[in-house]
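1. Fold the following and give me the result.
(4 chains)
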Number of protein chains: 2
Amino acid sequence: MRERPTHPVKPAVRKTTLAVDVVVLSPQADTLAVLLVRAAATGRERWSLPWDAPMSGEGLEDAATRITEGALGATPALLEQVGAFADARRHPGDADVSVGIVALTPQIEAALIGGAEWFSLAALPPLSPRHRAIVDRATTVVRQRVDQSPLAFRLLPPTFTLSELQAIYELLLDRRLHKASFRRALQASYLVEPTDEWRSEGRGRPAQLFRYAPRKRRGTRRGVRFDLFAET
Amino acid sequence: MRERPTHPVKPAVRKTTLAVDVVVLSPQADTLAVLLVRAAATGRERWSLPWDAPMSGEGLEDAATRITEGALGATPALLEQVGAFADARRHPGDADVSVGIVALTPQIEAALIGGAEWFSLAALPPLSPRHRAIVDRATTVVRQRVDQSPLAFRLLPPTFTLSELQAIYELLLDRRLHKASFRRALQASYLVEPTDEWRSEGRGRPAQLFRYAPRKRRGTRRGVRFDLFAET
DNA sequence: GACATTAGTGACCTTCTGTTACTAATTCGC
DNA sequence: GCGAATTAGTAACAGAAGGTCACTAATGTC
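-> Now for the predicted structure:
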């Protein structure tokens, strides 16, 4: 049993303002970077996540695609919801509810639109409190799902070297991996297939190019993991 | 590059109706069960998830707690967002946007409120299309996070036997586990500690009771997993 | 007291994983 | 041209983790 809730019982809210806030992530210069746009002059901060209200009849993911295209100049390779935020933290458009969506894209040469710029995750400018929370949540979600979903491949072009793939995993997991172990596990996963192309990257031996091509796997369901269990 | 979006460019929606829809899960009679309430007479279906609009100033999780209490008669042990739904699928209250939240609770003897009833996940009555999607997503999310988060312990009372714990994992993962492997992995995880109580369950040897008591673990960060990678 | 039933553990063997150390193919400096 | 530096890729060993079987332990049922 429990005390009555502490908030006063007011009538349920009938109408709210809704925003879709997008965390566009891409590897840039050996770090993970977020795409930010110049914030409206009325806000306190000079930068914000790209965001907008959905159009009438537009789904959340459709809105996120549109918003991303409006800043990145290209379509993101993968979208994933990271959560809804309806607490008191300030939003640049004062939306009551934000749906946070993370968008992944490889490094592309398309020109950014409307003064958007990449910022390293490690060196973000001040953001509105809600945007800051969405970015934090997005990176957490991406790191949690990196081995259940082919997120890493969405940050790379269609063909890539295994060293590039390993570097992406190291960015996402934020720790170094051993080359031999990484490749052996990748081999066992049947997720990539080699192409017959090789790429010479300046010095050193040329690397073979691979593509993401997941194949059926022998159903090797493993036991329970009891992983970190970090409390949220 | 890409074609213009197919939806007509209408002004962004300024006001929407928001619902919090709760999937209350609990083990009941050897299956996972969902708590449903009798739907308003105006809807097509006879049952629905418990839901409501948030009160003014009320956070999403607070609303979910209140909604759960209004049907379960007790406070849920754990809440987790499973996603926002804003597509055209019909909601019983015609909300534009639903935030789906899963609530976990152990089997309790408190009386359900207002004609709420448990339904096995395997035998749900017809639900509105959006509620059906939220239930499916909730079970997917719970199964995905079961080894990164102490979900299983929230479906059990404070003390429990290892056989009960294993049964919960088998419900959540939907497959049998080997007793010796399960216990060895649990031992290595330092997640439970024995109490000095034993419980005799009718026939068979009495089982020792344990409690959830996660301890610091030697930082055994493991390599990349490349798990199932089931495409959404 | 024999038997069924559930709890709990020891031991074996296979698979997985971390690590070291090697070979291979290229560029750079001279 | 040629050795050093650099990056790619692999073999092989050792130890850890995980699947399985077989056993012991403690209770209720007949």
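2. Can you tell me the element the residue of chain A at minimum distance from DNA strand D falls in?
-> Closest residue of chain A to DNA strand D, Cβ to the nearest atom of the strand: residue A:204 (2.2 Å). (Glycine included, C-beta is placed from N, CA and C.) For residue A:204, there is no enclosing helix or strand under DSSP states H and E.
3. can you pull the contacts of it?
-> Applying Cβ atoms under 8 Å, 6 or more residues apart in numbering or on different chains to residue A:204 gives no contacts.
4. Equivalent analysis for residue A:68, please.
-> Counting by Cβ under 8 Å, 6+ apart, residue A:68 has contacts A:22, A:24, A:35, A:50, A:75, A:76, A:79, A:103, A:105.
5. Please report the distance of it from chain B.
-> Counting by Cβ to the nearest Cβ, to the nearest Å, the gap from residue A:68 to chain B is 11 Å.
6. Double-check that that residue belongs to a strand.
-> No: under DSSP: H, G, I helix; E, B strand; the rest coil, residue A:68 sits outside any strand and is assigned helix.
7. and the gap between it and residue A:186?
-> 29 Å (Cβ to Cβ, to the nearest Å).
8. same check, this time on residue A:72
-> 29 Å.
9. Repeat that for residue A:169.
-> 9 Å.
10. remind me which residues of chain A are low pLDDT?
-> Where chain A drops to pLDDT under 70, the residues are A:1-13, A:217-222, A:227-232.
11. Can you tell me which residues in it are near DNA strand D?
-> A:161-163, A:179-180, A:183-184, A:201, A:203-208, A:222-223, A:225 (Cβ under 7 Å from any atom of the strand).
12. Keep those residues, but drop any that are not near DNA strand C.
-> Applying Cβ under 7 Å from any atom of the strand to the residues of chain A next to DNA strand D, those adjacent to DNA strand C are A:179, A:180, A:184, A:203, A:204, A:205, A:206.
13. show me what contacts the last one?
-> Taking Cβ under 8 Å, 6+ apart as the definition of contact, the neighbours of residue A:206 are A:198, A:199, A:200.
14. could you list every residue that touches residue A:112?
-> A:35, A:71, A:72, A:73, A:118.
15. residues touching the fourth one, list them.
-> The reference is to residue A:73. So residue A:73 contacts A:110, A:111, A:112, A:113 (Cβ under 8 Å, 6+ apart).
16. again with the first one
-> The contact partners of residue A:35, taken as Cβ under 8 Å, 6+ apart, are A:24, A:26, A:50, A:68, A:71, A:72, A:112, A:116, A:117, A:118, A:119.
17. Check the third one too.
-> Shown here is residue A:72, whose contacts under the criterion Cβ under 8 Å, 6+ apart are A:24, A:35, A:103, A:105, A:108, A:110, A:112, A:113, A:116.
18. Quick check: bridge partners of the third one?
-> Partner residues in beta bridges with residue A:103, using DSSP bridges, are residue A:24, residue A:79.
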